[in-house]
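# following is a predicted model, sequence given first.
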Amino acid sequence: MKKNIDSMEVWEFGAIGIANPSQSTLKRYFELINLTQGVNGDIAEFGVSKGNSIITSALVLRNMNIDKKVYGFDTFAGFPGYALNDNFEVFADLHKSGGISEDHYRKVLLNQEYILSRGAKTSPDSISNSADFANTSLNLVQNKIKLFNLENQIRLVKGDFTENLSAKISELTFSLILIDSDLYDSYAKTLPVLWEKLSPGGYIYLDEYYSLKFPGPRIAVDDFVNQTDCNLIRLGDWLDFERWAIHKK
């Protein structure tokens, strides 16, 4: 199937299990594909899960006749581990230190009530609706890739991408990077490496910089930005959430 994304009906996105670029929580990320089409390098996504966004990214590229590949990095087996900064209670420290706003913390506490009311826990391995994201597989994502004939556009890299990342991407350059991996280490250990591989004019989209569940990414990003000559920018808010990215001048 060589589907044109503009010809897809709304119900098809849900039936296949991929993101609708105009309605998804990642809408601002998909908009950056167009914005960076003239920037040198491919696209990378860290945190593929069931392939919801990586398939859409490749379809958007196809629709716009942009000759770039999308590299997807994931364990395809769930979260590899946790750091102290991933504990939900760290939100209280962030609020106390001014790391998040009063309104942000209000939503965190309200979301905590909702999580507990449905019988879930606030531990990092169960706070998400997808728990620890173990309900996926490399084969599942590959089947979606084959469905759309995207084998030449998508490259999947299985394993803990916080380990030996420099070697894994040594020959690559990126124009756009999505970090959608929820945890402190996945941001803290990859941002310095990815920054060196990002072309001028490129963006790193930070899916969990504004989160009501995972405090670690906020800490990792702020530490990185404070040590790096980069621009942390707030994109247009979408679906009641702030959307953030790092831009390389």
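Yes, it's here.
# okay, CA-based contacts and neighbour counts for the rest of this
Noted.
# run the chain-centre distance for the longest helix seen in the chain.
Using DSSP state H, we find that the single longest helix of the chain is helix 102-117. Centroid displacement of helix 102-117 relative to its chain, using C-alpha atoms, centre = their mean, to the nearest Å, is 22 Å.
# residue 42 versus the residue nearest to the spatial centre of the chain, what's the distance?
The chain has residue 180 as the residue nearest its centroid, 2.1 Å off, counting by C-alpha atoms, centre = their mean. Counting by C-alpha to C-alpha, to the nearest Å, the gap from residue 180 to residue 42 is 17 Å.
# buried sites along stretch 59-68?
59, 60, 61, 62, 68 (16 or more other C-alpha atoms under 10 Å).
# what's the answer for stretch 81-95, then?
Going by neighbour count (16+ other C-alpha under 10 Å), the buried part of stretch 81-95 is 85, 86, 87, 88, 90, 91, 92, 94, 95.
# do the same with stretch 185-198
185, 186, 187, 188, 189, 190, 191, 193, 194, 195, 197, 198.
# this structure: strands as residue ranges?
Under the criterion DSSP state E, strands of the chain are mapped to 42-46, 70-74, 154-158, 174-179, 198-206, 231-238, 241-247.
# just want the angle from the last one to helix 102-117.
If I follow you right, that is strand 241-247. Put simply, strand 241-247 runs at 120 degrees to helix 102-117, going by axes from the mean of the first three to the mean of the last three C-alpha atoms, to 10 degrees.
# next one: the second one
Computed by the same axes, to 10 degrees, the angle separating strand 70-74 from helix 102-117 equals 60 degrees.
# pull the residues that contact strand 70-74.
Residues from elsewhere that reach strand 70-74 (C-alpha atoms under 8 Å, 6 or more residues apart in numbering): 42-49, 54, 57-58, 153-161.
# just the buried members of those residues?
Among the contacts of strand 70-74, those classed as buried by 16+ other C-alpha under 10 Å are 42-49, 54, 57-58, 153-157, 160-161.
# give me the low-pLDDT residue ranges for the protein?
For the chain, the stretches flagged by pLDDT under 70 are 1.
# list the beta-bridge partners for the closest residue to residue 156 other than its chain neighbours.
Leaving aside its chain neighbours, residue 156 sits nearest to residue 72 (4.7 Å; criterion: C-alpha to C-alpha, 6 or more residues apart in numbering). On DSSP bridges, the residues paired with residue 72 through beta bridges are residue 45, residue 156.
# isn't residue 67 up against residue 61?
Yes - using C-alpha atoms under 8 Å, residue 67 is in contact with residue 61, at 7.2 Å.
# returning to what we had before: mind putting the buried residues of stretch 59-68 in JSON lines, distance to residue 206 included?
Converted to JSON lines, the buried residues of stretch 59-68 look like this (distance: C-alpha to C-alpha, whole Å):
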{"residue": "59", "distance to residue 206": "21"}
{"residue": "60", "distance to residue 206": "19"}
{"residue": "61", "distance to residue 206": "20"}
{"residue": "62", "distance to residue 206": "24"}
{"residue": "68", "distance to residue 206": "21"}
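# which one of these is nearest to residue 16?
Nearest to residue 16, judged by C-alpha to C-alpha, of the buried residues of stretch 59-68 is residue 59 at 13.3 Å.
# how much space between that closest one and residue 19?
Distance, residue 59 to residue 19, using C-alpha to C-alpha: 11 Å.
# just give me the neighbour total for the residue nearest to residue 192 when sequence neighbours are not counted.
With C-alpha to C-alpha, 6+ apart as the criterion, residue 192 has its nearest non-adjacent residue at 7.4 Å, and that residue is residue 224. Per other C-alpha atoms under 10 Å, the neighbour tally for residue 224 reads 18.
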